[in-house]
Every structure is written in C-alpha cells, then in structure tokens.
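In: Prediction below, plus the sequence it came from.
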Amino acid sequence: MTDYRLDLDHFQFRNPEDAESGIQVYCNGCENTVTTAEDGDSLDTIVRMCDKHVCIYATDAGTWLAGHMGWHNTYRVVERAAEYGMELSDDDRKAIDQYRASNGLDMDAWETVGGQGGLSDQATEYLNQHAPDGHRFVWDAGELMLLTEEDADQFEH
C-alpha cells in the first residue's frame, strides 16, 4: 500500500496559536479546517477531504476521462465536477439527463451542456480552480487529463 504524505500543494499548514504541538491542516479550496495532524503524518491517518467537498491532489494526475467515450465526456465532466463540489441546479440536471437520453442530439440540451460557455466548459473551469498548485486540467483528443503545468504546456495549441 502506498504511504502518501500530506500534500503540501493542496493544504496550508498553520501552527495553532493556542496549541503547543500539532499542525492545523486547512483545505486550500475553501479554507475549511480538515484536521490537526503532526508534520509528516500519512494521508492514511488523516481525512483526505474536508467536509465541504472532495479535494483534488497531485497524486490524482493522469487521465480523468478517456477519449474513447466520445460525446459522453461532454456530460461526464459535469458529473465529475459535481462529485468535487460543483453545484448544479435542477434545470442543469434536467438538461444533462435530456442530453444523455437523446444521445447528444437534442439541440437545446446540447447548447446547455456542450455549447460554448455551457456546463461542460463551466465544469472544466471549476476543476481547474480546484486543481492542486502546479497542475491543470487539459482536454486533448476528447480526453480530460490532470497534468503538471509543464506537461500541460505541451498541449496548448
């Protein structure tokens, strides 16, 4: 089993003023206190998410949505972002359901989900806002990947 250490790219460490030992760990995404831990504690011994959303870590880098899924990735990115805390309205969920049910052919649902500035674009932006420092999400050939900035620069067109 891999023994991950506290991800300094994702958490902030602050010495509590009223405590003699221990480090308070804050989620960078929302500033919520995750836990109090000793420096170097393994991630197996602390919570990997705050109580507001699931956190994205540098160890999550790689392919998130495989290109062979084609048009499905247009709504799947929205579903993934929702898993990480992106809020969707009832109308958003209805549009996603209609888009999926029509195999992407319902033009109104397509515009809401996949159109320029639509839910798919919003979801990608949301994931990038919550990506660990030094990483970003990149689309290439229908695949969504979380890459280091250096690797992501190779995909810029």
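Out: Noted; the coordinates are in hand. Numbers count the residues shown, from 1 in each chain.
In: where in this structure is pLDDT low?
Out: For the chain, applying pLDDT under 70 flags the ranges 1-54, 156-157.
In: Would you map the strands across it?
Out: 11-14, 23-27, 33-37, 62-65, 135-140, 143-148 (DSSP state E).
In: neighbouring contacts of the last one?
Out: By that I understand strand 143-148. 56, 60-67, 73, 77, 80, 124, 127, 131, 134-139, 155 (CB atoms under 8 Å, 6 or more residues apart in numbering). The C-beta positions use only the backbone N, C-alpha and C, and glycine is treated the same way.
In: Can you check what angle separates that strand from strand 135-140?
Out: Calculated by axes from the mean of the first three to the mean of the last three CA atoms, to 10 degrees, strand 143-148 forms an angle of 150 degrees with strand 135-140.
In: So which bits of strand 143-148 are buried?
Out: Going by neighbour count (16 or more other CB atoms under 10 Å), the buried part of strand 143-148 is 144-147.
In: Parallel or antiparallel, list what pairs with that strand.
Out: strand 62-65 (antiparallel), strand 135-140 (antiparallel) (DSSP bridges).
In: In terms of residue numbering, what are the domains of this structure?
Out: 11-55, 60-153 (automatic domain parsing).
In: quick one: terminal-to-terminal distance for the longest one?
Out: So that's domain 60-153. Distance between the boundary residues of domain 60-153 (CA to CA, to the nearest Å) amounts to 18 Å.
In: Over to stretch 129-144?
Out: Across stretch 129-144, the terminal residues are separated by 15 Å (CA to CA).
In: Tell me who's in contact with Arg100.
Out: Arg100 touches 72, 75, counting by CB under 8 Å, 6+ apart.
In: what does Ala152 give?
Out: The contact partners of Ala152, by CB under 8 Å, 6+ apart, come to 135-136, 138.
In: quick one: which of those residues is nearest to Thr112?
Out: Val138 (23.5 Å; CB to CB).
In: Could you check how far that closest one is from Met86?
Out: Separation of Val138 from Met86 (CB to CB, to the nearest Å): 18 Å.
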